[in-house]
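*Asks:* no FASTA, just this:
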């Protein structure tokens with residue numbers, strides 16, 4: 001009996017060239033230090049900390065050298081991995097549901113921004129795309145810190161607009177401000 005070929009398709013696989021496979025297989029966490037040293041990470045942490053003084057949102061930064069083998073084998077996209085990291089880092093678990101993850105995947109030179117539902121409601125997809133596109137030239141030039149600082153600044157502006165703190169309020173800092181390195 002022939003199998004029906006109109007059945008539900010499997011998951012969409014992200015296509016990578018052999019060069020991209022090579023980057024993933026030979027990259028590790030030590031490669032992050034080549035693009036973001038300790039001083040740069042400290043400056044990024046300070047920028048996130050300063051930002052969170054003016055709004056109730058939470059900004060979480062994750063820099064990953066390469067996809068884990070399981071994700072690579074399954075053909076997962078950077079977006080799929082960013083959604084997984086969003087969950088693993090519990091960015092969704094903030095009091096006001098206004099956490100946002102900035103995810104940088106070095107092996108693919110990919111950037112993803114994942115916002116929790118309260119923030120996502122206020123910003124349309126074109127604005128998110130414009131923010132990601134503004135980072136691309138800086139990343140291509142190897143200016144990773146500048147790209148991330150630009151993005152944190154744009155997120156700070158949006159969070160201050162939609163989720164401002166009054167003079168008597170304080171952000172309880174629900175998530176770590178130090179970048180998660182993988």
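*Replies:* Okay, I see it. What you see is a predicted model, and the numbers here were worked out from it, not measured in a lab.

*Asks:* top helix in the chain by residue count?
*Replies:* helix 144-162 (DSSP state H).

*Asks:* contacts for that helix?
*Replies:* For helix 144-162, contacts defined as CB atoms under 8 Å, 6 or more residues apart in numbering pick out 35-36, 40, 43-44, 47-48, 51, 54-57, 59, 61, 98, 100, 102, 104, 111, 113, 119, 122-123, 131, 134-135, 138-139. Every residue, glycine included, has its C-beta placed from N, CA and C.

*Asks:* report how many residues lie close to residue 26.
*Replies:* Applying other CB atoms under 10 Å, we find 11 residues neighbouring residue 26.

*Asks:* ugh, wrong one, I meant residue 45
*Replies:* A count of nearby residues for residue 45, using other CB under 10 Å, gives 15.

*Asks:* how about the one 10 residues further on?
*Replies:* Close neighbours of residue 55, defined as other CB under 10 Å, add up to 23.

*Asks:* now the helices: where do they sit in the chain?
*Replies:* Using DSSP H, helices in the chain cover 18-26, 32-35, 38-51, 69-73, 78-88, 117-120, 125-140, 144-162.

*Asks:* shaky segments in the protein?
*Replies:* Within the chain, the stretches with pLDDT under 70 are 1-14, 16.

*Asks:* center of it, which residue is that?
*Replies:* Centroid check for the chain by CA atoms, centre = their mean gives residue 103 as the closest residue, at 1.9 Å.

*Asks:* quick one: that residue and residue 80 touch, right?
*Replies:* No - Residue 103 lies out of contact with residue 80 (CB atoms under 8 Å); the separation is 10.8 Å.

*Asks:* related to what we said a few turns ago, quick one: residues contacting the residue nearest to the centre of the chain.
*Replies:* 62, 64, 78, 81-82, 85-86, 111-114.

*Asks:* quick one: it and residue 71, what's the gap?
*Replies:* With the distance defined as CB to CB, to the nearest Å, residue 103 ends up 13 Å from residue 71.

*Asks:* and residue 30, by the same measure?
*Replies:* Residue 30 is 20 Å from residue 71, where distance means CB to CB.

*Asks:* who's more crowded, the two?
*Replies:* Counted by other CB under 10 Å, residue 30 and residue 71 do not tie: residue 71 has more neighbours, with 19 against 9.

*Asks:* for residue 170, find the nearest of the helices of the chain.
*Replies:* Closest to residue 170 of these is helix 38-51 (CB to CB; 12.5 Å).

*Asks:* got the buried residues for the closest one?
*Replies:* For helix 38-51, the neighbour count (16 or more other CB atoms under 10 Å) marks 40-41, 44, 47-48, 51 as buried.
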